[in-house]
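Undergrad: Have a look; sequence and predicted model below, questions after that.
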Amino acid sequence: MSEVTPRATVLFVDDEENILKALQRLTMDEAVDTEIANSGEAALQKLVTMKNVALIVSDQRMPDMNGAEFLQKSQKLAPDAIRMLLTGYSDISAAADAINKGGASRYLNKPWNDDDLLQTLRGALETWKLSHENKRLQAIIHAQNEELRQWNDNLKNRVIQQTTAIRKKADDLNEALLHLKQNYHGMISAFSSLVEMRGHRIQQHAHNVAELASNAAREYGLMPEEVEIIRIAALLHDIGEIGIPEKMLAIDPENMTPDDFQLYSQHPVRAQMAIDSIIDLRPAGLLIRHHHENINGSGFPDRLAGEQIPIGARILAYADQLDRTVSSYGITAEQALVRVELGLGIKLDPALQRVFRKISSYAYFVMPEIDPDATVELELRPDELRKGMLLTRDISSGTGLLLLNKGVVLDTGKIEAIQRYYKIDPPSHGVLALVRKQEQR
């Protein structure tokens, strides 16, 4: 900094000659040029020709022009200088004027302590040097920015072309990512459908459990990414049952022979292994592995207990039990809750009772009463479907694959999916939905 910052000048102003000499002696060994003036008017005249004025120290009590007045006038002649008021009087009003009007940074008392005063002066000089250097650097930056602006102007067309190309690549990448995401969710649905194709006993089960578990996880307060993992785990939780004879799966595990139970108890591990090669499915695989663990430690495959069981697996187990009870006994969700709650503290986590009590009331669709004056239930072709229509029956493909559950309100994406599936694997019937009478053709 010393190579680029000019030598600083300090101006002392006081009507007492001995004070000025004392100040000169105090600063004689400092790397500054010292100037003195015995009045405000004399000091103003000097400032007209002085350069690099870093610091002005003025006495307050001087004839004709006091220190505060002088400092105020000095601002026009030395705007960058740091100003200080030197006074031997406890004059708060004068100090306030010097600070508020004269731009003084502080006031100093007479008599002063040489060491304290010298440190104060040095600090002020260092501040001025830093300010001067900052302005110099700002000037350099401004010049460089101007040069860069001109250079950029010359390259504007090229930059626009490059930006357009980058934007195109970004759009292509986003589209590719969207396709990957769609394929990922399609793959999960396909895996889930493979299980549901095995028989009527488990049709809709995975989708019902996914709906129950997702709602329960949200109500429990889990983060959206955790809810999504639980939803995926619910859709795939029975994938390990592929290969187990259907007649064996129709038997309650408690009534299986030891050999049959040994085979059946392997399905959570088999499910985890089946999807483990897909990195994004590994968190869901862990929940699937443990969804048959019991809260008291009597479950399988690892006999975990309590909070050793991941919360997602505990939610999945509760949802699985609830839906199996509803479908097995043909009862309402409220009735099924009474049955599954017999397993609280044994199979299921009691902390989840409140959650499932709250969400189960709207988890299973109940056909609304049809207002004959406003709506009518119709069987429609896929090309007759419109947004907002409500499905009154499950939609299955020609080979029995469940496509959508009853109670779903159609949107553009669902309508396009129905139309696509009807071309691939058309059933022998149309789509049953509630239609407002004014929408009838």
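TA: Noted; the coordinates are in hand.
Undergrad: List the buried residues of stretch 259-274.
TA: 260, 261, 263, 264, 266, 267, 268, 269, 270, 271, 272, 274 (16 or more other C-beta atoms under 10 Å). Glycine gets a C-beta too; all of them are placed from N, C-alpha and C.
Undergrad: So, low pLDDT: which residues of this structure?
TA: Scanning the chain for pLDDT under 70 picks out 1-4, 89-98, 100-102, 159, 180-181, 184-186, 189-203, 362-373, 400-402, 437-441.
Undergrad: domains of it?
TA: Here the domain parsing of the chain from automatic domain parsing is 9-148, 172-362, 375-439.
Undergrad: now do the same end-to-end measure for the first one.
TA: With C-alpha to C-alpha, to the nearest Å as the measure, domain 9-148 spans 36 Å from end to end.
Undergrad: Now do the strands for the stretch 51-200 of the chain: every range, in order, please.
TA: 53-59, 82-87, 104-109 (DSSP state E, counting those that start in this stretch).
Undergrad: Where do the helices of the stretch 251-400 of the chain begin and end?
TA: Counting by DSSP state H, counting those that start in this stretch, the stretch 251-400 of the chain has helices at residues 258-264, 267-275, 282-289, 311-329, 333-340, 353-359.
Undergrad: As a markdown table, these with distance to residue 239 would be great.
TA: Shown next, in a markdown table, are the helices of the stretch 251-400 of the chain (distance: least, C-beta to C-beta, whole Å):
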| stretch | distance to residue 239 |
| --- | --- |
| helix 258-264 | 14 |
| helix 267-275 | 5 |
| helix 282-289 | 8 |
| helix 311-329 | 13 |
| helix 333-340 | 23 |
| helix 353-359 | 24 |
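Undergrad: among these, which is nearest residue 88?
TA: For these, the distance to residue 88 is smallest for helix 311-329, at 75.8 Å, taking C-beta to C-beta.
Undergrad: other SSEs contacting the closest one?
TA: helix 205-220, helix 224-236, helix 282-289, helix 333-340, helix 353-359 (3 or more C-beta pairs under 8 Å, 6 or more residues apart in numbering; DSSP states H and E).
Undergrad: Neighbours of residue 29, how many?
TA: 8 (other C-beta atoms under 10 Å).
Undergrad: For the closest residue to residue 105 other than its chain neighbours, grab the count of nearby residues.
TA: Counting by C-beta to C-beta, 6 or more residues apart in numbering, the nearest residue to residue 105 once its immediate chain neighbours are dropped is residue 82, at 5.6 Å. The number of residues packed near residue 82 is 23, by other C-beta under 10 Å.
Undergrad: The one 3 residues further on too?
TA: Residues near residue 85, counting by other C-beta under 10 Å, number 27.
Undergrad: again with residue 212
TA: Residue 212 - counted by other C-beta under 10 Å - has 25 other residues nearby.
Undergrad: what does residue 297 give?
TA: 13.
Undergrad: Tell me which residues touch it, please.
TA: 303, 304, 305, 306 (C-beta atoms under 8 Å, 6 or more residues apart in numbering).
Undergrad: need the contact list for the third one.
TA: Residues near residue 305 by C-beta under 8 Å, 6+ apart: 293, 294, 295, 296, 297.
Undergrad: Tell me the backbone dihedrals of the closest residue to the third one other than its chain neighbours, please.
TA: Distance criterion C-beta to C-beta, 6+ apart; nearest residue to residue 295, sequence neighbours excluded, is residue 349 at 5.2 Å. Torsion angles at residue 349 (phi, psi; degrees, to the nearest 10) stand at phi -80, psi 120.
Undergrad: Quick check: residue 349 touching residue 312?
TA: No - judged on C-beta atoms under 8 Å, residue 349 makes no contact with residue 312 at a distance of 11.5 Å.
Undergrad: Compare neighbour counts for those two and give me the winner.
TA: residue 312 (26 against 20).
Undergrad: Tell me the spacing between that one and residue 236.
TA: Residue 312 is 13 Å from residue 236, where distance means C-beta to C-beta, to the nearest Å.
Undergrad: likewise residue 42?
TA: Residue 42 is 93 Å from residue 236, by C-beta to C-beta.
Undergrad: ok, these two, which is more surrounded?
TA: Neighbours per residue, other C-beta under 10 Å: of residue 42 and residue 236, the larger number sits with residue 236, 26 against 15.
Undergrad: Relative to residue 269, how far out is the more buried one?
TA: Residue 236 sits 14 Å away from residue 269, going by C-beta to C-beta.
Undergrad: Residue 428 too?
TA: In this view, residue 428 and residue 269 are 40 Å apart by C-beta to C-beta.
Undergrad: Residue 300: neighbouring residues, count only.
TA: With other C-beta under 10 Å as criterion, residue 300 counts 20.
Undergrad: Now do the phi/psi pair for it.
TA: phi -140, psi 160.
Undergrad: do the one 4 residues further on as well
TA: Main-chain dihedrals, residue 304, degrees, to the nearest 10: phi -70, psi 160.
Undergrad: the helices in the stretch 51-200 of the chain, which residues?
TA: Using DSSP H, counting those that start in this stretch, helices in the stretch 51-200 of the chain cover 67-77, 92-100, 114-154, 156-196.
Undergrad: want to throw those helices into a markdown table with distance to residue 358?
TA: What follows is the helices of the stretch 51-200 of the chain, written out as a markdown table (distance: least, C-beta to C-beta, whole Å):
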| stretch | distance to residue 358 |
| --- | --- |
| helix 67-77 | 72 |
| helix 92-100 | 65 |
| helix 114-154 | 60 |
| helix 156-196 | 26 |
